[in-house]
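Student: Curious how this folds, go ahead:
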Amino acid sequence: MDIDYVIRKDKSPAIIDESSPVDVALYERWERSNRLSVMFIKIKISTVIHGSVDQHEKVRDLLKAIDDQFITSDKTLASTLIMKFSSLRLTNVKGVREYIMKMRDI
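Tutor: Numbers count the residues shown, from 1 in each chain. Next comes the predicted model:
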């Protein structure tokens, strides 16, 4: 399934009436790869990161926004994560499973 195609290749020119079948196929391949990559990244990143990054249609823009978010707030994020990690106790959570899930998400 070539989902990294969109990262390796630039966007194909838009489809017009004079486009060849090869051009149409390349454009559709790029669009499919872009949609799948954006969807995969949005599913896999933490909700904390997902909420702080703007919505993007292109995977390269999304990756750049995620990268920029970590560059600007590296120390602040580390401090916040340490505080969350140290303040979460098993007694504050209803069960062991929920505690493990919250620790994993931190």
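Student: switch to C-alpha atoms for all contacts and neighbour counts from now on
Tutor: Noted.
Student: quick one: pLDDT of the residue most central in space within the chain?
Tutor: In the chain, the C-alpha nearest the mean C-alpha coordinate belongs to I41, at 3.2 Å (CA atoms, centre = their mean). Listed pLDDT for I41 reads 83.
Student: Show me what the helix or strand containing it is packed up against.
Tutor: Secondary structure assignment for I41, by DSSP states H and E: helix 21-44. On a contact count with 3 or more CA pairs under 8 Å, 6 or more residues apart in numbering; DSSP states H and E, helix 21-44 meets helix 5-8, helix 59-72.
Student: Which among those is found nearest to P21?
Tutor: Among the helices and strands packed on helix 21-44, helix 5-8 comes nearest to P21, with 18.7 Å by CA to CA.
Student: got the CA positions of that closest one in PDB?
Tutor: Output of helix 5-8 as PDB, limited to C-alpha atoms (Å, rounded to 0.1, in the frame of the first residue of the first chain):
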ATOM      1  CA  TYR A   5       4.300   8.000  -1.700                       C
ATOM      2  CA  VAL A   6       3.000  11.500  -0.800                       C
ATOM      3  CA  ILE A   7       6.100  12.200   1.300                       C
ATOM      4  CA  ARG A   8       8.500  11.000  -1.300                       C
END
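Student: I'm done for today, thanks for sticking with me.
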